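K.L.:
My questions are about this predicted structure, shown below with the sequence.
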Amino acid sequence: MSYSVLIVEDSRAMRGLIRATVEQMPGFSTFEAANGFDALKNLPARKYDLIITDINMPDINGLELISFVKGHPDYKDIPLIIVSTERSDEDMERGLKLGASGYIIKPFKGNELQELVKEVLG
Amino acid sequence: MAGKDDKSRGEFLAESEDILEDLGQHLTRMDEMTESGEVDPDVVNAIFRGVHSLKGLSGMFGFEGISQLSHQLESLLDALRLGKLPISHEMTSVIFAALDRLKILSEDISRGGAERSDYADISSMIEDALSKGHGLDSKDLTDEIEIDAQILKVLTEYEEHRLRENVKAKHSILLVKARFDLASFDKDLTSLNDRLKVMGEIISTLPTTGTGPEAGIEFNILVGTKESVEKFISELSGPDVVVSVIKYKAVQKKAEPESKTVRSLSRTIRVDISRLDRIMNIVGELVLSKNVITRLSKDLRAVQGFQGLAIDLYKASRGLERKLSELQEGVIEARMVPVGQIFTRLSQAVRKYSSEVGKDIRMEMFGEDTELDKLVIEEISDPLMHLIRNAIDHGIEPPEERARRGKPPRGKIRLDAYPKGNRVAISVEDDGGGIDPERVWRKAVEKGLAEPSETLTRREMLDLIFLPGFSTKEEVSEVSGRGVGMDVVKRNVAKLSGIIDIDTEIGRGTNITITLPITLAIIKGLMVESGGEKFAMPLSAVSETLMLEPEKVNSVERREVITLRGETLPLLRLDEVFRFPKKEDQEFIYVVVAGLAERRIGFVVDRLLGQQEVVIKSLGEKLKDLPGIAGATELGDNEVVLVLDLESLINESTKKRQMR
């Protein structure tokens, strides 16, 4: 089984960490978007199995992205994982209401994210 | 998640440098705008976002100092951007100071070292500033404007606040719908946003799927503006941009409540600890209920047709989990008191005793701010007093002897408290004569507490002072007469799941360190399996777990031991203790190294199952003295698991050894 994962995160180093963590799992390949805009542009490029997104991003933020994905006929089945900190607790809950499948709070351990990814992909 | 190797350090530094640079520029702008009285919320939000990123990043890379300081600064900026605090020069100067310190901390890292610089002063500045904040306005926006609930749902907390602010200022709220081609939407949207920003504030940009034949991408942009709606519409409207006005609802003004109060200035209340215990118990029960729900959601996921429901349940259980752990932390926090409370009492006692026994002693205290559960503090104060009395009585030499040894005539006792992982260590250190292991051993043989034929290591000799009825001092002094015995200390420390360690050097002094769990209310349990049964071991007593080939086990005096970092560690097989059938042909054995008071032991188990929070319940009157069992706990799936009483197991195994 192979999975394509889109990582939406405006921090370069954080993106790198998430990418390395996800790619440790066999069969996973990752694609990166530096912000919500970038993600919108990347979505039509291929069929993603999972989107991992930050919430606090300029212009198009994580919630707006989730709402867009869940409202789009082509993308609505892609599960989303929110990566954020406990500060954005309220926003995270809003994200789940909008249809995200799970969330993880920074700082997290690599295996926690891997577990969550596996759980969300069922 | 990432180590502090050179590569990840480099990645972290490169990005944090960029963030700090941006922050500096934005902050300068914010400060200038504070001058003119009109601060662009976008700038404040940009600073918040930068600090937020820095915090997430430093947390992931394990840089504690930057992570903690940026966490505090983030709270301050969150309060500023959400209007809980007014923006002022005072605030910007606090933020400037914090940024400077963050730079210094990251310079520490870039010089290849740890974050050496102190930031406690900045922390308290931020705390001060934060304490002036007030709560958030939570009026329902749909009561005031005719806005689509779908749009409200997508707003972040911050965007919602900005909308409120615009509504409060009676600005016009506009919904700008723009449709762009998929190929060029980013450029088109940027240029539209640039025009919008001149005329008002962009509150939210929500992308939606385009409708119609040439399915492009649509954006619903929520804007607040002081400008006239007509001007706005005429300047923006076009084939691809439609502006609509969100109307205000007619509101009835309520009279403002009178604010003349006679409220008290004090912000603390006194609470009986038993009330907090009760809340803690309820939290414990809730943790169990939560485990049931998590379990159910996993089971449900396997059932055809229930996946959607399973995800909902899972989300609910995750939410519950987070809130529960916050609640738990909150209650634990409320139970916390600084160790300084007992330090003061102890130092008074020292002054009294030292003059009674004619010794001149100086007391030094460190880490008084370290916090511990109120009950743990109360329980530990007597053992600490014992240790200090012992130091005065047996440790610190009389002035003339000190002079002979070339020591200052005045003896010193140092009390030190500091956090150690999720535990707290309290040490009592004296600069007295130290403890001579050989002398301890001879004394123990005399008293019939040790066999003269036995060869003991230095550590084992020292451990003898914890046996009941041991005292090396020939004459019983006034102070010792009050029941000073290390066995009492040990028993009390063990009751709190604590560990006691002795470090001593003849002629130089003794350091006795007690390591305690921060709270006793809910414990983390290490779940293990032996003979097919599950057990929970209090994690606070576990120092490490090992996986070994069975050949690594040696036999010394008919007792199984292993060598751990040069020291001999006796083993205890749980299956033998409970007379379970022995598991044969194991490729590996698992050893849980646990220590209570001065004695450490390796428990051999069949499997390690992981960690879980457990609430210890008593087994009731009939079973209460079951050897080796402290109680039972319920796991999420209605499974009852026994909690091991490590203290009695270790004592039992020590006794056996003495009988031989």
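P.N.:
Sure thing, it's come through.
K.L.:
Right, and chain B sits closest to which residue of chain A?
P.N.:
Per Cβ to the nearest Cβ, A:Pro107 is where chain A lies closest to chain B, at 3.4 Å. Just so you know, the C-beta spots here come from the backbone N, C-alpha and C atoms, and that holds for glycine as well.
K.L.:
Now the terminal residues of stretch B:446-454, how far apart.
P.N.:
With Cα to Cα, to the nearest Å as the measure, the first residue of stretch B:446-454 is 14 Å from its last.
K.L.:
Let's test this: what are the backbone torsions at the residue of chain A closest to chain B?
P.N.:
Per-residue torsions, A:Pro107: phi -80, psi 140 (degrees, to the nearest 10).
K.L.:
Neighbours of it, how many?
P.N.:
Neighbours of A:Pro107 under the rule other Cβ atoms under 10 Å in any protein chain shown: 19.
K.L.:
Three-state assignment for the residue nearest to it when sequence neighbours are not counted, please.
P.N.:
Distances taken as Cβ to Cβ, 6 or more residues apart in numbering or on different chains put B:Gly59 closest to A:Pro107, at 3.4 Å, once the chain neighbours are dropped. Recorded secondary structure, B:Gly59: helix (DSSP: H, G, I helix; E, B strand; the rest coil).
K.L.:
How about the contacts made by B:Gly59?
P.N.:
A:Thr85, A:Lys106, A:Pro107, B:Ser67, B:His71 (Cβ atoms under 8 Å, 6 or more residues apart in numbering or on different chains).
K.L.:
Neighbour-wise, which one of these leads?
P.N.:
Within these, most neighbours by other Cβ under 10 Å means A:Lys106, with 24 neighbours.
K.L.:
so what's that one up against?
P.N.:
Taking Cβ under 8 Å, 6+ apart, one finds A:Met14, A:Val83, A:Ser84, A:Thr85, B:Lys55, B:Gly56, B:Gly59, B:Met60 in contact with A:Lys106.
K.L.:
Would you confirm that the residue of chain A closest to chain B contacts B:Leu57?
P.N.:
No - counting by Cβ atoms under 8 Å, A:Pro107 sits too far from B:Leu57 to count as a contact (9.1 Å).
K.L.:
I'd assumed B:Asp430 was in contact with B:Lys412.
P.N.:
Yes - assessed by Cβ under 8 Å, B:Lys412 is found in contact with B:Asp430 at 6.9 Å.
K.L.:
These two: who's more crowded?
P.N.:
Comparing B:Lys412 with B:Asp430 by other Cβ under 10 Å, the one with more neighbours is B:Asp430, at 26 against 17.
K.L.:
wait, what's in contact with the more buried one?
P.N.:
Per Cβ under 8 Å, 6+ apart, neighbours of B:Asp430: B:Ala391, B:Gly395, B:Ile396, B:Gly411, B:Lys412, B:Ile413, B:Arg414, B:Gly509, B:Thr510.
K.L.:
rerun at 10 Å
P.N.:
B:Asp430 sits next to B:361, B:387-388, B:390-392, B:394-397, B:411-414, B:504, B:508-512 when contact means Cβ atoms under 10 Å, 6 or more residues apart in numbering or on different chains.
K.L.:
Who does the residue nearest the centre of chain A form a beta bridge with?
P.N.:
A centroid search over chain A (Cα atoms, centre = their mean) returns A:Ile52, at 1.1 Å, as the residue closest to the centre. On the basis of DSSP bridges, A:Ile52 is bridged to A:Ile7, A:Ile81.
K.L.:
Let me see the contact set for it.
P.N.:
A:Ile52 touches A:5-9, A:15, A:18-19, A:21-22, A:30, A:79-83, A:102, A:104, A:113, A:116-117, A:120, counting by Cβ under 10 Å, 6+ apart.
K.L.:
Just give the nearest non-adjacent residue to residue 99, would you?
P.N.:
If you meant another chain, say so; for now it's chain A. Using Cβ to Cβ, 6+ apart, the closest residue to A:Gly99 is A:Lys70 (3.9 Å).
K.L.:
I was thinking of chain B, sorry if that wasn't clear
P.N.:
B:Leu99's closest residue in space is B:Leu23 (Cβ to Cβ, 6+ apart), at 5.7 Å.
K.L.:
Give me the pLDDT for the one you found.
P.N.:
For B:Leu23, the model assigns a pLDDT of 91.
K.L.:
Pull the number of nearby residues for it.
P.N.:
Using other Cβ under 10 Å, B:Leu23 has 26 neighbouring residues.
K.L.:
now it: how far from B:Lys374?
P.N.:
Distance of B:Leu23 to B:Lys374, given as Cβ to Cβ, to the nearest Å: 40 Å.
K.L.:
Packing partners of the lowest-mean-pLDDT helix or strand in chain A?
P.N.:
The least trusted helix or strand in chain A, going by mean pLDDT, DSSP states H and E, turns out to be helix A:89-97, with a mean of 84. In terms of contacts (3 or more Cβ pairs under 10 Å, 6 or more residues apart in numbering or on different chains; DSSP states H and E), helix A:89-97 is packed against helix A:62-71, strand A:80-84, strand A:102-105, helix B:149-154, helix B:157-168, helix B:307-335.
K.L.:
Distance to B:Lys247, mean pLDDT and mean neighbour count for those - can I get that in JSON lines?
P.N.:
Converted to JSON lines, the helices and strands packed on helix A:89-97 look like this (distance: least, Cβ to Cβ, whole Å; pLDDT from 0 to 100; neighbours: other Cβ atoms under 10 Å in any protein chain shown):
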{"stretch": "helix A:62-71", "distance to B:Lys247": "24", "mean pLDDT": "93", "mean neighbour count": "24"}
{"stretch": "strand A:80-84", "distance to B:Lys247": "34", "mean pLDDT": "92", "mean neighbour count": "24"}
{"stretch": "strand A:102-105", "distance to B:Lys247": "36", "mean pLDDT": "87", "mean neighbour count": "20"}
{"stretch": "helix B:149-154", "distance to B:Lys247": "14", "mean pLDDT": "84", "mean neighbour count": "16"}
{"stretch": "helix B:157-168", "distance to B:Lys247": "12", "mean pLDDT": "88", "mean neighbour count": "20"}
{"stretch": "helix B:307-335", "distance to B:Lys247": "35", "mean pLDDT": "82", "mean neighbour count": "16"}
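K.L.:
need those in TSV with distance to B:Phe578, can you?
P.N.:
Output for the helices and strands packed on helix A:89-97, formatted as TSV (distance: least, Cβ to Cβ, whole Å):
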stretch	distance to B:Phe578
helix A:62-71	52
strand A:80-84	43
strand A:102-105	39
helix B:149-154	56
helix B:157-168	53
helix B:307-335	32
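K.L.:
for those, which one sits closest to B:Glu15?
P.N.:
strand A:80-84 (15.9 Å; Cβ to Cβ).
K.L.:
Tell me which residue of the stretch 551-660 of chain B lies closest to chain A.
P.N.:
B:Gly610 (11.8 Å).
K.L.:
close enough to count as contact, that residue and B:Met527?
P.N.:
Yes - counting by Cβ atoms under 10 Å, B:Gly610 does reach B:Met527; the two are 5.6 Å apart.
K.L.:
Name the residue in these two with the higher neighbour count.
P.N.:
A count of neighbours by other Cβ under 10 Å puts B:Met527 above the other of B:Gly610 and B:Met527, at 20 against 9.
K.L.:
For the more buried one, name its beta-bridge partners.
P.N.:
When assigned by DSSP bridges, B:Met527 has beta-bridge partners B:Ala536, B:Gly610.
K.L.:
these two touch, right, it and B:Arg607?
P.N.:
Yes - checked against Cβ under 10 Å, the pair B:Met527 and B:Arg607 is within contact range at 9.1 Å.
K.L.:
who touches both of those two?
P.N.:
By Cβ under 10 Å, 6+ apart, the residues touching both B:Met527 and B:Arg607 are B:Lys534.
K.L.:
Look at B:Ile293 and report its pLDDT.
P.N.:
The model's pLDDT for B:Ile293 equals 84.
K.L.:
burial of it, as a residue count?
P.N.:
17.
K.L.:
circling back: please tell me how far the residue of the stretch 551-660 of chain B closest to chain A sits from B:Leu69.
P.N.:
B:Gly610 is 33 Å from B:Leu69, by Cβ to Cβ.
K.L.:
State the distance from the residue of chain A positioned farthest from its centre to B:Ile342.
P.N.:
Outermost residue of chain A with respect to the C-alpha centroid, by Cα atoms, centre = their mean, is A:Met1; its distance is 19.5 Å. Distance, A:Met1 to B:Ile342, using Cβ to Cβ: 59 Å.
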